[in-house]
Every structure is written in structure tokens, then in C-alpha cells.
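Asks: Here's a sequence, model it:
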Amino acid sequence: MPKRISSEEEIEVGDFYEDCRFHPRLCIQVSIPDGFPDDIKGISLIDGSVCACSIKQCGLRILTTTEAIRWKLEGPTYLPNLERMKNGWKQ
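Replies: Have a look, this model is predicted:
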């Protein structure tokens, strides 16, 4: 099960994490200079979008490589089927 990230010391560039939209993301930047100190930026494995999220406000969770791939293909298994379908994942 993914572990909640509580500080920028728990994630590095190259790590996978789940953002507040349930997208698995590849971390590309930690502590964004023009953002807040706890912001991280990542590339979505779902749609390729780049997004910055707050570690403290967005409930980000670290993912293993296996979890990130599973999230990309099937969505988070803890989401109800309707929510998964709305985000484009299979049932």
C-alpha cells in the first residue's frame, strides 16, 4: 500500500508518486523555486501532463515502480469502479 509523503525529504527526482487526481506521476522536481517549499512537480503516466502539487495539502503518496505501472493500467484499486471509469481506467 502506498505511503503518504509528509515532507520533501521523503521523495527524490525519479521517484513515482500518486497525486491528488489519483494519477501516478514521475517526480521531476522537488521544492520548486517559484512555488511553495513543499511543492513537487511530476509527469503523469496517464496523460503526460506536468503538474505541481503540495506535499502537505494534496495528500501525495509514494509509489513503487510496480504500483505506478498498475495505477497507469488499471487505476488505484481502492477507488470505486465508477470513479475509475470516469478517469478512463478499466473496471
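Asks: so what's the residue most central in space within the chain up against?
Replies: Nearest to the mean C-alpha position of the chain, counting by C-alpha atoms, centre = their mean, stands residue 18 at 2.2 Å. Counting by C-beta atoms under 8 Å, 6 or more residues apart in numbering, residue 18 touches 2, 24-25, 60-61, 63, 71, 76. Every residue, glycine included, has its C-beta placed from N, CA and C.
Asks: again, 10 Å this time
Replies: Going by C-beta atoms under 10 Å, 6 or more residues apart in numbering, residue 18 touches 2, 4-5, 24-25, 42, 53, 58-63, 67-68, 71, 76.
Asks: Let me see the contact set for the residue lying closest to residue 15 once chain neighbours are set aside.
Replies: Spatial nearest neighbour of residue 15, excluding adjacent residues (C-beta to C-beta, 6 or more residues apart in numbering): residue 27 at 4.8 Å. Contact analysis of residue 27 by C-beta under 10 Å, 6+ apart lists 5, 11-17, 40-43, 60, 62.
Asks: Just flag the most distant two among those residues.
Replies: Spanning the widest gap among those are 5 and 43, at 16.8 Å by C-beta to C-beta.
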